[in-house]
Structures are given as C-alpha cells and as structure tokens.
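A.B. asks: Coordinates only, no sequence provided:
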C-alpha cells in the first residue's frame, strides 16, 4: 500500500504509523456520561468501506496526516495534513 | 580543542572493492560538513524561513516540499513541513540562529549528531534502491531536491547533489552500520572508497 504524503509524495506503508480512528469525538471533559466515555475509549465501528484515520509519516517528514482509506480495497481516497493550516501553506493538494 | 573523529573507524577502507570486472561503478566517501543544522519554522512561516536560510548561505531556497539547493559552501533541502536540513561551515548553526528571528522559527545544531556519506556513479541509484523504498530516477528525484526516508526504521535524509550523486545524512551512531551495508550493496557493481 502506498500513501501519498502531502509533503513527500507516494511512500511505502512501512514508513507510516497508524495513529487511530479520526472519526471519534471526545466527550466534554466535564461530562460524567459513562457510556459516552466508554464508547470514546473502547468502541470502534470497524466499517467496511471508506474510513477516516490518523497516520503519521514517522519514517519520512514526520507529519501527522488524516487519511481516508477504503478498508475493503486499501484504496487511499484522500490525504491531508492533520494540522489544517499546513494544507494551504505546504501541501501539494 | 577536541577534534571530531569519523564514526566509520576501521570500516573505512580506502581503495577499490567488490566486482571490478567493469571498473568501479561507484565512488563512496564521507563528506560530513563541519556545520549541520535543522531549521524549523512556525506554521505559515516556511517561506520566510527559506529567505533567511538563503540570505545566510547564499543558496536559493523555496518553501515547496522536497526542494533544495546545493552551493559551493552550503547545501539545504526541505525535510518536512516547515523544516530544512542546512549544511555549511562550523559557524553555520550560530550564524543561522543569529539571523533567524524567533517569530519565524528555530535552529537546532546537529553537527555532532549526523554523518554525511556521498555516493557517486552511474549505478548510484541502482545501489540505493536496494536500501530505500523511494524512486531515485531523475524525473522523480530531481537535482538538488531532498528526501526524508528510513533505512530499516532508522532515519536517512538524502539530497541529489549531481545527476549521479547523492549525499546521505544518517545518525552518527548509526553511520558505521549504514556504511558497511552500503558497501555490501555496492559490491555487485564494484566501488572505490575515496580516502
């Protein structure tokens, strides 16, 4: 699987580290809703199809990325810097 | 003053090695510059950082990803969003730090921590392709550009300094192991270690 890093261009999967599900929304820190916290920490939907994920180009430019990947085909649908400001200042996209 | 020693030690064997049936296909040397620094910009400041580095080193840098420049005294290339690796004389890190306003970015002196290895020759891209999962063709890796990549999970930052030449910056503590592996990869085409 190749991931097209916005800074470095297409690179092998071995250069990247998976950083987790990017669809999660952290509950309000003051919340005492135990189910909301339980879902946030433990429950993952494991979808079949496009999935929004955090990756780090740990073996390259070290940037944190938001990758939309098809979990069925491993097609990379989109890649952007997780730091939104970099997408206009630095990115190729 | 303590003189800096090469980390290559006994692994550095000047002369010709490997398959020399067609002459050495490569020339490998240690070219660690006296000054190596990483310059990093705050978000949105990479173009301003490139200007400061250009003024200090007489290079021509832009904020475009992967781009760089090579001059007689210095070289620099982008190694990530907002970051450049810059090389030059022993006073480079201090001159860069003095010229770079804190509002634009910061400088980290890496002179003690990196070793530069130069590989030149028609088969340089072929040999490096055994070690790194990046494209070394000139169309994909143009002259003066740089790449930040890894070799077995250890960082390596590579700049194309001539049509068939690359400077590879590796951690000083990893340099001897990398040098030995590079020599082994080059045996197939024959290589000359420049002493």
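C.D. replies: Thanks, I have the structure now. These numbers come from a predicted model, not from an experiment. Residues are numbered from 1 along each chain as shown, chains lettered A, B, ... in the order given.

A.B. asks: what secondary structure does residue B:176 sit in?
C.D. replies: helix (DSSP: H, G, I helix; E, B strand; the rest coil).

A.B. asks: phi, psi of the residue nearest to it when sequence neighbours are not counted?
C.D. replies: The shortest distance from residue B:176 to any non-neighbouring residue, by C-beta to C-beta, 6 or more residues apart in numbering or on different chains, is to residue B:11 (5.0 Å). Placement of C-beta: from N, CA and C, glycine included. Here is the backbone geometry of residue B:11 (degrees, to the nearest 10): phi -70, psi -20.

A.B. asks: What is the burial count for residue B:11?
C.D. replies: 15 (other C-beta atoms under 10 Å in any protein chain shown).

A.B. asks: For chain A, just list every one of the helices.
C.D. replies: A:34-41, A:84-89 (DSSP state H).

A.B. asks: what does the first one contact?
C.D. replies: Pointing back at helix A:34-41 there. A:24-27, A:31 (C-beta atoms under 8 Å, 6 or more residues apart in numbering or on different chains).

A.B. asks: Quick one: residues contacting residue A:14.
C.D. replies: Per C-beta under 8 Å, 6+ apart, neighbours of residue A:14: A:59, B:133, B:150.

A.B. asks: now do residue B:137
C.D. replies: residue B:125.

A.B. asks: pretty sure residue B:164 is in contact with residue B:125, am I right?
C.D. replies: Yes: the criterion here is C-beta atoms under 8 Å, and residue B:164 meets it with residue B:125 at 7.5 Å.

A.B. asks: what about the most far-flung residue of chain B relative to its centre, distance to chain A?
C.D. replies: Here chain B reaches farthest from its C-alpha mean at residue B:21, the gap being 29.8 Å by C-alpha atoms, centre = their mean. Here residue B:21 is placed at a distance of 33 Å from chain A (C-beta to the nearest C-beta, to the nearest Å).

A.B. asks: Surely that residue is within a strand?
C.D. replies: No: going by three-state DSSP, the assignment for residue B:21 is coil, not a strand.

A.B. asks: out of the contacts of helix A:34-41, which one sits closest to chain B?
C.D. replies: Using C-beta to the nearest C-beta, residue A:26 comes nearest to chain B of the contacts of helix A:34-41, at 22.6 Å.

A.B. asks: Count the neighbours of that closest one for me.
C.D. replies: That count, for residue A:26 with other C-beta under 10 Å as the rule, works out to 10.

A.B. asks: The residue lying farthest from the centre of chain A and chain B, how far apart?
C.D. replies: Most distant from the centre of chain A: residue A:32, at 27.4 Å, with distances by C-alpha atoms, centre = their mean. Relative to chain B, residue A:32 is positioned 36 Å away (C-beta to the nearest C-beta).

A.B. asks: Give me the neighbour count for the closest residue in space to residue A:72 that isn't next to it in sequence.
C.D. replies: Nearest in space to residue A:72, with sequence neighbours left out and distances taken as C-beta to C-beta, 6+ apart, is residue A:48 at 5.7 Å. Neighbourhood size, residue A:48 [other C-beta under 10 Å]: 9.

A.B. asks: my read: the residue farthest from the centre of chain B touches residue B:190, true?
C.D. replies: Yes: counting by C-beta under 8 Å, residue B:190 is a contact partner of residue B:21 at 7.4 Å.

A.B. asks: Tell me where chain B has strands.
C.D. replies: Ranges of strands in chain B, per DSSP state E, are B:15-17, B:26-30, B:35-41, B:68-70, B:75-80, B:83-88, B:105-109, B:114-120, B:146-151, B:154-162, B:165-171, B:191-193.

A.B. asks: what's the answer for chain A, then?
C.D. replies: Under DSSP E, chain A gives strands at A:2-5, A:9-12, A:17-21, A:50-56, A:64-70, A:76-81.
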